[in-house]
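Undergrad: need a 3D model of the following:
(one chain, ligands or ions: 2)
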Amino acid sequence: MIHRTRPAWQVSSWQRQLAEAFTHPEQLLRFLNIDHALLSGSLPAHRQFGLRVPRWFANRMEKGNPNDPLLRQVLPLGEELRAEPGFLTDPVSDLDQAPVPGVLQKYQGRVLLMMTGACAVNCRYCFRRHYPYGEASLERDQSSAALKFLERSVEISEVILSGGDPLMLSDRRLAELGNHLQSIAHIRRLRIHTRLPVVLPDRLTPELIRGLTAHGLETSMVLHVNHPHEISHKHRMMLAPLRERGMVLLNQSVLLKGVNDDIHSLCNLSEKLFSIGVIPYYLHQLDRVAGAAHFEVADDHALELHQQMQARLPGYLVPRLVRELPGAASKTPIK
Ligand SMILES: *Cc1c(COP(=O)(O)O)cnc(C)c1O
Ligand code: SF4
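TA: Ligands and ions are numbered 1, 2, ... in the order given. Alright, predicted model coming up:
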């Protein structure tokens, strides 16, 4: 990530914050004044998929509360190591779908570019915990193959940058990619799927914003916020320049037991998203990834919550409740 030999003045603030993230459960529990008894279960799970939490995100957690909804998303727990039938290492069969390395096309008209395997935060429910991203992500030497694929795939009108987290890449590389995509006539839309501005809002540097909006593509950003406590005034301030430059801001959440599976959190999340200029887009049922079974919410409870949201909120604040099914032509609505 960061070269230790680089002089401090060259390291921008978001990169320094990444380097200073919590990477050990003991460190995080001490910071939050939480009893170390939790550690005995935490450590074996941490060895399988390491804890990673930027301090900015940890600062939004409630001190002394082991059930804090933000902490639960990132703290390794012994429950993760219990094998559960139906929970797999590649639940949505992504590995079969890459036409060239780093490119994933499941749906008509849009492709996903897996720009990097890296993320600023390790979310415990993420399929990334098992994904051999080293092989599948789009490292620099492979991007020309991916771009050639896009050039000859005339039916593709939208490119989605994903990962990992695409905003882990440098401002310059993202700007170059935007320019290149703009030069391909049939590509009209660029979308960025990212959690980085949520857990580390300083990532939205003026250079990044310029780079992501300087080309002529219609651009959107899909953030990933699961709980209203993740949102602050700082987000409103940092996201405003993106909206001013015409970017559409959306959000996707994952429905997670013990985190946001209650009507108050979900309604509050939608309203807080709107207050920072973001429209709720998807509420995902969990991908059944090994290690995440304790987060699963049953479909009938999910539906009930969704109906309650519809009864309490304007339609534009109700996200679509969906699941990803292998082989389906789109995300599948839960009915
Ligand atoms: C989720 C997903 C998309 C985006 O789907 P939309 O319904 O357009 O938001 C695109 N490609 C892949 C492979 C996906 O998994
Ligand atoms: S890909 Fe998204 S959900 Fe998965 S660890 Fe990274 S930020 Fe979290």
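Undergrad: which residue packs closest to the most centrally placed residue in the chain, ignoring adjacent ones?
TA: The centre of the chain sits closest to Arg195, judged by C-alpha atoms, centre = their mean, with a distance of 3.9 Å. Nearest non-adjacent residue to Arg195, counting by C-beta to C-beta, 6 or more residues apart in numbering: His224, 4.0 Å away. All C-beta atoms are positioned from the backbone trio N, CA, C, and that covers glycine.
Undergrad: report whether stretch 302-319 contacts ligand 1.
TA: No. Counting by C-beta under 6 Å from any ligand atom, ligand 1 has no neighbours in stretch 302-319; the shortest distance is 11.4 Å.
Undergrad: could you pull up the mean pLDDT of that stretch?
TA: For stretch 302-319, mean pLDDT is 98.
Undergrad: and if you look at stretch 285-293?
TA: 96.
Undergrad: what is the neighbour count of Ala118?
TA: 18 (other C-beta atoms under 10 Å).
Undergrad: correct me if wrong: it contacts Pro166.
TA: No. Counting by C-beta atoms under 8 Å, Ala118 sits too far from Pro166 to count as a contact (9.7 Å).
Undergrad: so who does Pro76 touch?
TA: Pro76 makes contact with Pro25, Gly41, Ser42, Leu43, Ala45, His46, Gln48, Phe49, Gly50, Leu51, Arg124, according to C-beta atoms under 8 Å, 6 or more residues apart in numbering.
Undergrad: farthest-apart pair in those, please.
TA: The span of these, defined through C-beta to C-beta, is set by Gly41 and Gly50 at 15.2 Å.
Undergrad: more neighbours, these two?
TA: Legend: neighbour count by other C-beta under 10 Å for Gly41 and Gly50, higher for Gly41 (17 against 13).
Undergrad: residues contacting the more buried one?
TA: Taking C-beta under 8 Å, 6+ apart as the test, what Gly41 contacts is Pro76, Leu77, Gly78, Glu79.
Undergrad: which of those residues fall in strands?
TA: Using DSSP state E, no member of the contacts of Gly41 sits in strands.
Undergrad: ok, and which of those reach ligand 2?
TA: Among the contacts of Gly41, no residue lies close to ligand 2 (C-beta under 6 Å from any ligand atom).
Undergrad: ok, and the most crowded of those residues?
TA: Pro76 leads those on contacts (other C-beta under 10 Å) with 26 neighbours.
Undergrad: picking that back up, surely the residue nearest to the centre of the chain touches Val222?
TA: No. The criterion here is C-beta under 8 Å, and Arg195 misses it with Val222 at 9.7 Å.
Undergrad: how near is Pro166 to Val159?
TA: Plainly put, Pro166 is 11 Å away from Val159 if you go by C-beta to C-beta, to the nearest Å.
Undergrad: on that earlier part again, tell me which residues touch the residue nearest to Arg195, please.
TA: His193, Thr194, Arg195, Val198, Asn251, Gln252, Ser253, Val254.
Undergrad: out of these, which one sits closest to Trp56?
TA: Val198 (9.6 Å).
Undergrad: my read: that closest one touches His235, true?
TA: Yes. Judged on C-beta under 8 Å, Val198 makes contact with His235 at a distance of 7.4 Å.
Undergrad: is Leu321 part of a helix or strand, or is it coil?
TA: For Leu321, the assignment made with DSSP: H, G, I helix; E, B strand; the rest coil gives strand.
Undergrad: without its sequence neighbours, what residue ends up closest to Glu204?
TA: Slight slip there: residue 204 is Leu, not Glu. Met238 (4.4 Å).
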